[in-house]
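> quick one: sequence plus predicted model below, questions after.
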Amino acid sequence: MATLLKGAQAAAALNEKTAARVAALAEKGIVPTLAVVRMGEREDDLSYERGVMNRCAKLGIAVKPYLLAADAPQAALMAVLEEINEDAGVHGCLIFRPLPAQIDDKAVRAALAPEKDVDGITDASLAGVFTGSGVGYAPCTAQACVDILDHYGIPLEGKRVTVVGRSLVVGKPAAMLLDRKNATVTMCNSRTKDLPQLCRQADILVVAMGKRGAIGGDCIAPGQVVVDVGIHTDEDGKLCGDVRFAEAEPVASAITPVPGGVGAMTTSVLAAHVVDASEKAAQ
């Protein structure tokens with residue numbers, strides 16, 4: 001039976017450190033502040049927003065909402081971003097995406113100041129992840145994958161890691177973060193030949209395909225550590241991941257559950273990024 005790498009425990013440890021940093025900033029009269037930019041009222045956006053606001057409130061991070069109608073024009077959103085960039089009292093910005101069809105996503109990503117890009121959506125932030133320059137921040141979900149492994153004391157240096165998925169939200173940045181930990185990283189995707197074999201060769205398997213149940217027991221090697229980033233709803237309305245848990249759990253040595261794994265960590269990573277941004281601004 002595999003050890004469950006529960007996100008709540010890792011998040012609690014990170015939150016404790018973040019709260020101490022917030023207290024230190026408070027002594028200097030600084031309140032870390034997050035701008036939340038949302039267009040429309042998509043239920044998944046609202047759900048994540050509630051989680052973010054709850055986490056920030058518990059940690060003493062202020063949230064400044066910028067809410068626009070779903071049919072608002074590009075100019076309205078760009079004006080909001082300009083205001084956020086120029087507001088020294090706002091340290092980080094979270095933009096809910098995907099944006100409505102009338103919005104040029106590339107222009108939005110280019111408009112946000114990378115030092116306030118706490119969710120790693122700008123090209124400058126991603127370049128920072130790849131170069132290690134320290135500009136901007138890694139996408140929160142990618143960072144959460146690494147933070148969970150660190151929390152549970154799973155060594156990365158010299159380990160073979162296979163990342164299945166190549167999105168700029170998780171797969172590619174996660175691969176770069178793992179590489180910076182001196183892991184030997186192989187990146188795969190849905191079209192990779194002999195995918196099960198490549199997965200089984202890894203000491204650690206990170207799955208971020210965005211496809212429900214895409215990875216089964218034929219991809220899991222005995223003693224392997226499995227990080228499942230996927231989040232889906234099955235035929236019975238229950239949450240599940242990219243990995244078929246019932247097939248992987250008896251074989252792996254450790255695995256993140258869905259729900260309760262990587263997803264439980266993301267808002268804590270976001271909060272930590274906001275505090276880091278406020279510390280840098282204070283300097």
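Arrived safely.
> top helix in this protein by residue count?
Looking across the chain with DSSP state H, the single longest helix is helix 7-26.
> now do the buried residues in that helix.
Of the residues in helix 7-26, 7, 9-11, 14-15, 18-19, 21-22, 25 count as buried by neighbour count, 16 or more other Cβ atoms under 10 Å. For every residue, glycine as well, the C-beta is placed using N, CA and C.
> cool, and stretch 184-195?
185-188, 192, 195.
> and for that stretch, what's in contact with it?
Here stretch 184-195 makes contact (Cβ atoms under 8 Å, 6 or more residues apart in numbering) with 158-166, 171-172, 175, 178-179, 198-199, 201-202, 209, 211, 214, 219.
> so how far is that stretch from its chain's centroid?
Here stretch 184-195 is found 21 Å from its chain centre; the criterion is Cα atoms, centre = their mean, to the nearest Å.
> mind listing the helices for the protein?
Remark: helices assigned in the chain by DSSP H are 7-26, 43-59, 74-86, 105-111, 123-131, 140-151, 171-180, 195-200, 245-248, 266-282.
> could you say what helices and strands the last one packs with?
I take that to be helix 266-282. On a contact count with 3 or more Cβ pairs under 8 Å, 6 or more residues apart in numbering; DSSP states H and E, helix 266-282 meets helix 7-26, strand 33-39, helix 43-59, strand 92-95, helix 140-151.
> quick one: list the elements packing against the shortest one.
It stands for strand 92-95. Short answer (3+ Cβ pairs under 8 Å, 6+ apart): strand 92-95 packs on strand 33-39, helix 266-282.
> adding distance to residue 148, write those out as CSV.
As requested, the helices and strands packed on strand 92-95 are exported to CSV (distance: least, Cβ to Cβ, whole Å):
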stretch, distance to residue 148
strand 33-39, 22
helix 266-282, 10
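> can you add mean neighbour count and give the ones you listed back as TSV?
Output for the helices and strands packed on strand 92-95, formatted as TSV (neighbours: other Cβ atoms under 10 Å):
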stretch	mean neighbour count
strand 33-39	23
helix 266-282	23
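> dump the longest helix of the chain to CSV, restricted to CA.
Extracted in CSV, the C-alpha atoms of helix 7-26 (Å, rounded to 0.1, in the frame of the first residue of the first chain):
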residue,chain,number,x,y,z
GLY,A,7,-1.4,18.2,0.1
ALA,A,8,-3.0,19.4,3.3
GLN,A,9,-0.1,18.5,5.4
ALA,A,10,2.4,20.1,3.0
ALA,A,11,0.2,23.2,2.8
ALA,A,12,0.0,23.5,6.6
ALA,A,13,3.8,23.5,6.9
LEU,A,14,4.1,26.1,4.1
ASN,A,15,1.3,28.2,5.7
GLU,A,16,3.1,28.3,9.0
LYS,A,17,6.3,29.7,7.3
THR,A,18,4.2,32.2,5.3
ALA,A,19,2.4,33.4,8.4
ALA,A,20,5.7,34.1,10.2
ARG,A,21,6.8,36.1,7.1
VAL,A,22,3.5,38.1,7.1
ALA,A,23,4.0,38.9,10.8
ALA,A,24,7.5,40.1,10.1
LEU,A,25,6.2,42.4,7.4
ALA,A,26,3.4,43.7,9.7
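> give the rounded mean pLDDT of it.
For helix 7-26, mean pLDDT is 98.
> give me the contact list for it.
Applying Cβ under 8 Å, 6+ apart, the contact partners of helix 7-26 are 31-32, 55, 58-61, 144, 147-148, 151-152, 256, 260-265, 267-269, 271-272, 275, 278-279, 282.
> and that helix, how far from the chain's centre?
Distance, stretch centre to chain centre, for helix 7-26: 17 Å (Cα atoms, centre = their mean).
> redo the helices and strands packed on strand 92-95 as a markdown table? Include mean pLDDT and distance to residue 133.
A markdown table is the format used below for the helices and strands packed on strand 92-95 (pLDDT from 0 to 100; distance: least, Cβ to Cβ, whole Å):
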| stretch | mean pLDDT | distance to residue 133 |
| --- | --- | --- |
| strand 33-39 | 98 | 23 |
| helix 266-282 | 97 | 13 |
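> out of the ones you listed, flag the one nearest residue 1.
Among the helices and strands packed on strand 92-95, the nearest to residue 1 by Cβ to Cβ is helix 266-282 (26.4 Å).
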